[in-house]
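Student: quick one, fold the following:
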Amino acid sequence: MIPKNISRHHILKAIEDITVEGISDKRDSTKFDLIYQEKAFPPKLVLSRANFYANGEELDPSKFSGGDESNTFLSALEFEIVPKEPAKRNPAWQRDELILALDLYFRHHPKTISQTHPEVIRLSEILNQLPIHTARPDAERFRNLNSVYMKLCNFLRFDPEYSGTGLSAGGKADEEIWREFSSNRDELRKLAELITETALSSNLEATLSLPDDRQEEEEFPEGKLLYRLHRTRERNRELIRKAKDKRKREVGVLNCDVCGFDFFQCYGSIGSDYIECHHTKPVSELKDGEKTNISDIALVCANCHRMLHRKRPWLSIQQLKDLLNC
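Tutor: Numbering: from 1, shown residues only. You can find the predicted model right below:
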């Protein structure tokens, strides 16, 4: 129970103390704040400290309740009590980011480094440059040094060589990335280098196509950034024109390389000269500065194009043909 002799004066003295001393995580409020001079204070902490000035000792927080009891007492003393703002949560780690983090884990075990290690600092900077998150509610903490290091520690719980338990706060995607790449570290290194190279490109925004299919972007094996790079290559107008011209010269029609579908034959003039292009070489296999050749382009209908990207690793044209013929 809150002592009735605590006055507004005592509350103000408590607020002065808390303003100077700060608020520890253990004493912060969870549902309500006392607002004074545009600053927020935990109601129970304020009352506990105010009791020192009223009765000579801090009031044990277990002796009274927050919520209605504290709020009613403080409101009666003409203090403003408001519901606490929801905690700002940054977006979950995406596949691109987890690939980079796991690559760093294998190069520098988190138990041998700290948040201030140069590679942790570098990864934090790279993650902040990836154009895959439009919303960053808590910009100050978004992929900061502590966040990056904690993510490295999340992987410890999957490592059979680690005798401890590791941090358990990571998501399901952490385990999926571990299972996929823990025994294929060369491929992981290759992807991490390509993602980094793409992220640090001076003309990144100008060269990447924005996704027109969010679901396909989410499912892309190499992550969102490299999906956009892949789509950019597939939408190279000059290359598409040359690939179509070559096919028309060779066979006279633009039919799907997998199922044989012909848009013109099915839809008439509206389907004339229409076909999608699929870049058959995964972006992870492209070397720095390597240009796309016509031989790397397959002409496919929309359905087959989607199916080619459906599985990890991608299906080849022949593999999808085999499935279609079953």
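
Student: average pLDDT for the host helix or strand of residue 306, rounded please.
Tutor: For residue 306, the element it lies in under DSSP states H and E is helix 302-308. The pLDDT scores in helix 302-308 average 89.

Student: which residues are contacting it?
Tutor: Here helix 302-308 makes contact (Cβ atoms under 8 Å, 6 or more residues apart in numbering) with 216, 256-259, 261, 276, 278, 300, 314-315, 317, 320, 323. Every residue, glycine included, has its C-beta placed from N, CA and C.

Student: got the buried residues for it?
Tutor: Under the neighbour-count criterion of 16 or more other Cβ atoms under 10 Å, helix 302-308 has 304, 305, 307, 308 buried.

Student: of all those, which two lie farthest apart?
Tutor: 305 and 307 (7.3 Å; Cβ to Cβ).

Student: out of the contacts of helix 302-308, which sit inside strands?
Tutor: Using DSSP state E, the members of the contacts of helix 302-308 that fall within strands are 276, 278, 300.

Student: residue 103: which of the residues you listed is nearest?
Tutor: Among the ones in strands among the contacts of helix 302-308, and counting by Cβ to Cβ, the member closest to residue 103 is residue 278, at 27.7 Å.

Student: skipping adjacent residues, who's closest to the closest one in space?
Tutor: With sequence-adjacent residues excluded and distances taken as Cβ to Cβ, 6 or more residues apart in numbering, residue 278 is closest to residue 298, at 4.5 Å.

Student: phi first, then psi, for the one you found.
Tutor: phi -110, psi 150 (degrees, to the nearest 10).

Student: correct me if wrong: it contacts residue 257.
Tutor: Yes. If you go by Cβ atoms under 8 Å, residue 298 and residue 257 touch, sitting 4.7 Å apart.

Student: overlap of the contact sets of those two?
Tutor: residue 317.

Student: where does the chain have its least confident helix or strand?
Tutor: When the helices and strands of the chain are scored by mean pLDDT, DSSP states H and E, helix 204-207 comes last with a mean of 52.

Student: where exactly do the strands run in the chain?
Tutor: Using DSSP E, strands in the chain cover 32-36, 39-41, 80-83, 276-279, 297-300.

Student: can I get those in JSON lines with mean neighbour count and distance to residue 122?
Tutor: JSON lines is the format used below for the strands of the chain (neighbours: other Cβ atoms under 10 Å; distance: least, Cβ to Cβ, whole Å):
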{"stretch": "strand 32-36", "mean neighbour count": "19", "distance to residue 122": "38"}
{"stretch": "strand 39-41", "mean neighbour count": "16", "distance to residue 122": "36"}
{"stretch": "strand 80-83", "mean neighbour count": "11", "distance to residue 122": "40"}
{"stretch": "strand 276-279", "mean neighbour count": "20", "distance to residue 122": "30"}
{"stretch": "strand 297-300", "mean neighbour count": "22", "distance to residue 122": "36"}
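
Student: can you give me the helices in the stretch 201-326 of the chain?
Tutor: 204-207, 214-219, 224-234, 237-251, 263-267, 302-308, 317-324 (DSSP state H, counting those that start in this stretch).

Student: tell me which of the ones you listed sits nearest to residue 113.
Tutor: Nearest of the helices of the stretch 201-326 of the chain to residue 113, taken as Cβ to Cβ: helix 224-234 at 25.1 Å.

Student: picking that back up, residues contacting the residue nearest to residue 278?
Tutor: Here residue 298 is in contact with 257, 277, 278, 280, 317 (Cβ under 8 Å, 6+ apart).

Student: would you agree the last one is in contact with residue 279?
Tutor: So that's residue 317. No. Using Cβ under 8 Å as the test, residue 317 is too far from residue 279 to be in contact (11.8 Å).

Student: pLDDT weak spots in the stretch 51-200 of the chain?
Tutor: 87, 166-170 (pLDDT under 70).

Student: would you map the helices across it?
Tutor: With DSSP H, counting those that start in this stretch as the criterion, the stretch 51-200 of the chain has helices at 68-76, 95-107, 118-127, 145-154, 172-181, 185-199.
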